[in-house]
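1. here is a sequence with its predicted model. Questions after.
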Amino acid sequence: MAWIGIIVGTFAGMFSAVAAYTLYALPLWYSLLLYPTVGTTGAIVTIFIMMQLPPSLRRMHQTNSDERRRTA
């Protein structure tokens, strides 16, 4: 989950910084401040969304030892 959050945050921050500077003609210092702000927010939101997924959809779902011992 953390890796996906980091990747999404990196690309979201980079895209917002470049878009703010080129499309909206914001000052460079403002665009550079957007990168960590949007990147951190994107990473946190991504991790939060992935935590809300059902366990069957999570990539790294590990069963407890109690779940392995249960019988149907």
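-> Ah, there it is. Quick caveat: nothing in here was measured; it's all calculated off a predicted structure.

2. tell me how many other residues crowd residue 3.
-> 9 (other C-beta atoms under 10 Å). Quick note: C-beta positions are derived from backbone N, CA and C, even for glycine.

3. the one 10 residues further on now?
-> Counted with other C-beta under 10 Å, the burial measure for residue 13 works out to 20 neighbours.

4. from residue 36, how far out is it?
-> According to C-beta to C-beta, to the nearest Å, residue 13 stands 7 Å off from residue 36.

5. what are the buried residues along the helix ranked longest in the chain?
-> Determined from DSSP state H, the single longest helix within the chain is helix 28-51. For helix 28-51, a neighbour-count test (16 or more other C-beta atoms under 10 Å) marks 31, 34, 35, 38, 39, 42, 43, 46, 47, 50 as buried.

6. ditto for stretch 9-27
-> 9, 12, 13, 16, 17, 20, 21, 26.

7. before we move on, which element is the last one in?
-> So that's residue 26. Here residue 26, judged by DSSP states H and E, is contained in no helix and no strand.

8. same question for the fifth one.
-> Residue 17 is part of helix 2-22, with elements assigned from DSSP H and E.

9. show me what that helix is packed against.
-> For helix 2-22, the packing partners by 3 or more C-beta pairs under 8 Å, 6 or more residues apart in numbering; DSSP states H and E come out as helix 28-51.
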